[in-house]
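Participant: How does the following fold in three dimensions:
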Amino acid sequence: TLNISHWTQCNCGCIYCARMRDSKGKITYTAGKSEYYDMLPLLKDLYAQELLDRENLMVAIQGGDISVLSEFEDIVNECLKNGVGSFYILSNNIKYQPVIQHLLDLNKATFTTSLDCADRDVFRKLKRVDNFEDSVNNLKKYAQSKNPQNVIVKYIIVENYNDNVKEVKN
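Facilitator: Numbers count the residues shown, from 1 in each chain. Model prediction:
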C-alpha cells in the first residue's frame, strides 16, 4: 500500500476533520499544489527505481480533498501507466472527478465519501459549506459506474448535529 496524503487543502471545513490542526479550517476553492511537496516526481522516481510492486500495489489517496490537489489526476495516470493494482480514494465528493468515474468503470477503485446527513442544513453545519446538492448529485453519477458496489458512503455521527434517530433515518 502506498498512502498519498501530502496536502491539507480542502474545499470544505468539516467540524470533525482530522486535519483541522494543520488546515486551521481554511476552505480552498481552486486546485493548487501541496504546501509541502509535489508527489508526482517522487512517484515517478519510485517507479523508475522499481521500488513499487506494479500489479499488487494499492494506492490510498486522502488528504485535504482531491479536487483541490492539482496533481491528483496526473498521479492517478502515472499509477495507471505503471499497472497499479487498485486505488482507495477518500473525498468529500463536492466536486465531480471524471478520473474517478473512469477508475470505477475499470474496477480499479474503491471510492469513499462521508455524507453524514440527509439534508442541506445539517450538511452546511457539519461541512461549513453549502454544497449538499453537489455532493448528492456527484454521488449519483459515481453510482452509475459499471461497478457501483465500489462506491461507499459513510456516516460520521457527530454529537448534537446528526446523532439522533430522526437524522439517521433521514
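Participant: drop to CA atoms for contacts and neighbour counts, all remaining ones
Facilitator: Will do.
Participant: Would you mind measuring from the nearest residue to Tyr161 once chain neighbours are set aside to Phe132?
Facilitator: Distances taken as C-alpha to C-alpha, 6 or more residues apart in numbering place Val122 nearest to Tyr161, at 6.9 Å, with adjacent residues excluded. As judged by C-alpha to C-alpha, to the nearest Å, Val122 and Phe132 stand 9 Å apart.
Participant: same question, Trp7
Facilitator: 24 Å.
Participant: Between these two, which has more neighbouring residues?
Facilitator: Trp7 (24 against 21; other C-alpha atoms under 10 Å).
Participant: and that one, helix, strand or coil?
Facilitator: Here Trp7 takes the coil state, with states given by DSSP: H, G, I helix; E, B strand; the rest coil.
Participant: Next: Cys117.
Facilitator: Under three-state DSSP, Cys117 comes out as coil.
Participant: What strand or helix carries the nearest residue to it once chain neighbours are set aside?
Facilitator: Closest residue to Cys117 apart from its sequence neighbours, by C-alpha to C-alpha, 6+ apart: Phe123 at 6.1 Å. Per DSSP states H and E: Phe123 is located in helix 120-127.
Participant: Next, the buried residues of that helix.
Facilitator: 122-124, 126-127 (16 or more other C-alpha atoms under 10 Å).
Participant: quick one: which of those is nearest Ile75?
Facilitator: Lys127 (26.5 Å; C-alpha to C-alpha).
Participant: Assess the claim that the closest one and Gly13 are in contact.
Facilitator: Yes - here Lys127 reaches Gly13: they are 5.3 Å apart, a contact under C-alpha atoms under 8 Å.
Participant: Report the central residue of this protein.
Facilitator: Ser91 (2.1 Å; C-alpha atoms, centre = their mean).
Participant: Dig out what that one forms beta bridges with.
Facilitator: Thr113 (DSSP bridges).
Participant: Quick check: it touching Gln62?
Facilitator: Yes - counting by C-alpha under 8 Å, Ser91 touches Gln62, with 7.0 Å between them.
Participant: on contacts alone, who are the packing partners of the longest helix along the chain?
Facilitator: In the chain, taking DSSP state H as the definition, the longest helix is helix 132-143. Packed against helix 132-143 by the contact rule (3 or more C-alpha pairs under 8 Å, 6 or more residues apart in numbering; DSSP states H and E) you find helix 98-105, helix 120-127.
Participant: Pro148 is nearest to which of those helices?
Facilitator: Nearest of the helices and strands packed on helix 132-143 (C-alpha to C-alpha): helix 98-105, 7.6 Å.
Participant: Thank you kindly, that will do.
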